[in-house]
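> Build me a structure from this.
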Amino acid sequence: MIMVWLLLHALVSGIVLQYILHKFPSCVSIGEALLVVGGLVLYFSDMLAFMLSKVNLYAPLASEFVGGLNKKRDEISTVIQALLGSLLLMSRVYKVILHFWNCCTNLTKFQASRNDEEASGDFERSITFYVALGITATMIVPGWLFYIKDFQSHPLFWVIGFILEKPLERLLLCIYWLAVTCFAILRFYNISKNSMIERILLRKYYHLLAIIMFVPALLFDTEFLKLAFGAALAVFLVLEMIRIWRILPLGSLVNQFMKAFTDHRDSEILIISHFSLLLGCAIPIWMSGYLNDRPLAPFAGILSLGIGDTMASLVGHKYGVLRWSKGGKKTIEGTAAGITSMLLACLFLLPSLAWSGFTSSQDWLSLVFAVILAGLLEAYTTQLDNAFIPLIFYSLLCL
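Here you go, the predicted model:
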């Protein structure tokens, strides 16, 4: 049965890989597509296996493959999985509805001006989207959680109760995140419109924003940060759907804002920059729940992207002279600044983590090796560094 499961993995991975390369040719390379496909297939096959383990149809494989799934699965990961899975399923269903809607519209055209038809169609599509989103949030996600995790309350009430377990710290964090986000959106967008700063440097402001937002929570309330990352990813998914389908009234505004920070990998079909930064910071934290003796591992994304990558770009752009290759833009000065800044950040973090109660068995020789390797990878890789560097740096920190 394990072989059947692995063959299904391979088949689905091949189909999804072909779809991504065909649908988003300018957004991802083959290596990046393989990373995305591997993550998606593993994540949602785990979700499917956990769901099917609740019924007798999966009994033959449950004892071999699903038996250990319940041991390390907390409520936070289950809520995030249900939310993200439901949103992705909703997007596919909504796309089918749009296709059916367009077919019916073409068959039942009536005499009206083109502008009236487009305005009416946009309004109806927007209403359909919000109805589908409401059904997903109020029925599908709660229903899945009631069935899988035996939730006794609505997920929204569970989230409120989770916040109120530490009301002062978590409410203050929510207010802090909201204030920083609002300030950053207004400030960065005005800078992007009125300044001559290169777009690559504008994008690094969001890397610095990741440090400001995530480090306090990671030091004092990692569990709440895990949940917040899931909520932020869900919001990003909804906003991207609104942007792609031009859902009223926010579609055009979101598209205009997002395009101010795009690069050559982004397109009208899909903007991946904000997803890659968020996931680059979130995945090491989601994966580090049981590594109590590796306190720096959850910081892999924040250290490599928020500090190392940002300092390498800023210093390399302003002071860089010696380039790693003739045709490349990365400089030796930038790489040295990135590595040095990461080491200094680790030097500051380790005593802070020890003061917070973490027990550390981090060897400085292996830490220096991991930082140098991550810095060199940032200099040489042609892949999406927001995706690859945090994962490799995280793996090195766990050694």
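> Check which residues of the strand or helix carrying residue 170 are buried.
Per DSSP states H and E, residue 170 falls inside helix 167-194. By 16 or more other Cβ atoms under 10 Å, the buried positions in helix 167-194 come out as 170, 173, 177, 184, 188, 192. From N, CA and C alone the C-beta is placed, and that goes for glycine too.
> Low-confidence ranges, this structure, go.
The chain contains residues with pLDDT under 70 at 1, 54-73, 105-121, 192-197, 199, 263-268, 289-293, 356-362.
> and the residue sitting nearest the centre point of the chain, what is it in contact with?
In the chain, the residue lying closest to the centroid (Cα atoms, centre = their mean) is residue 279, at 3.1 Å. Contact analysis of residue 279 by Cβ atoms under 8 Å, 6 or more residues apart in numbering lists 233, 386-387.
> quick one: which of the residues you listed is nearest residue 226?
residue 233 (11.2 Å; Cβ to Cβ).
> Now that closest one: closest residue in space, sequence neighbours ignored.
The shortest distance from residue 233 to any non-neighbouring residue, by Cβ to Cβ, 6 or more residues apart in numbering, is to residue 278 (6.0 Å).
> Mind listing what's buried along the longest helix along the chain?
The longest helix of the chain (DSSP state H) is helix 75-107. Within helix 75-107, the residues that count as buried by 16+ other Cβ under 10 Å are 76-87, 90-91, 94.
> From what I see, residue 309 and residue 378 are in contact.
Yes: using Cβ atoms under 8 Å, residue 309 is in contact with residue 378, at 5.7 Å.
> Export the helix or strand residue 205 falls within to PDB, keeping only CA atoms.
In this assignment (DSSP H and E), residue 205 forms part of helix 199-220. Output of helix 199-220 as PDB, limited to C-alpha atoms (Å, rounded to 0.1, in the frame of the first residue of the first chain):
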ATOM      1  CA  ARG A 199      12.800  48.600  -7.400                       C
ATOM      2  CA  ILE A 200      15.200  45.900  -6.000                       C
ATOM      3  CA  LEU A 201      16.000  48.200  -3.100                       C
ATOM      4  CA  LEU A 202      12.300  49.100  -2.500                       C
ATOM      5  CA  ARG A 203      11.600  45.400  -2.200                       C
ATOM      6  CA  LYS A 204      14.300  45.100   0.500                       C
ATOM      7  CA  TYR A 205      12.300  47.400   2.700                       C
ATOM      8  CA  TYR A 206       9.800  44.500   3.100                       C
ATOM      9  CA  HIS A 207      12.600  42.300   4.200                       C
ATOM     10  CA  LEU A 208      13.400  44.800   7.000                       C
ATOM     11  CA  LEU A 209       9.700  45.000   7.800                       C
ATOM     12  CA  ALA A 210       9.800  41.200   8.400                       C
ATOM     13  CA  ILE A 211      12.500  41.700  11.100                       C
ATOM     14  CA  ILE A 212      10.500  44.400  12.800                       C
ATOM     15  CA  MET A 213       7.300  42.400  12.800                       C
ATOM     16  CA  PHE A 214       8.400  38.900  13.400                       C
ATOM     17  CA  VAL A 215      11.400  38.900  15.800                       C
ATOM     18  CA  PRO A 216       9.500  40.200  18.900                       C
ATOM     19  CA  ALA A 217       6.800  37.500  18.500                       C
ATOM     20  CA  LEU A 218       9.400  34.800  17.800                       C
ATOM     21  CA  LEU A 219      11.300  35.700  21.000                       C
ATOM     22  CA  PHE A 220       8.200  35.800  23.300                       C
END
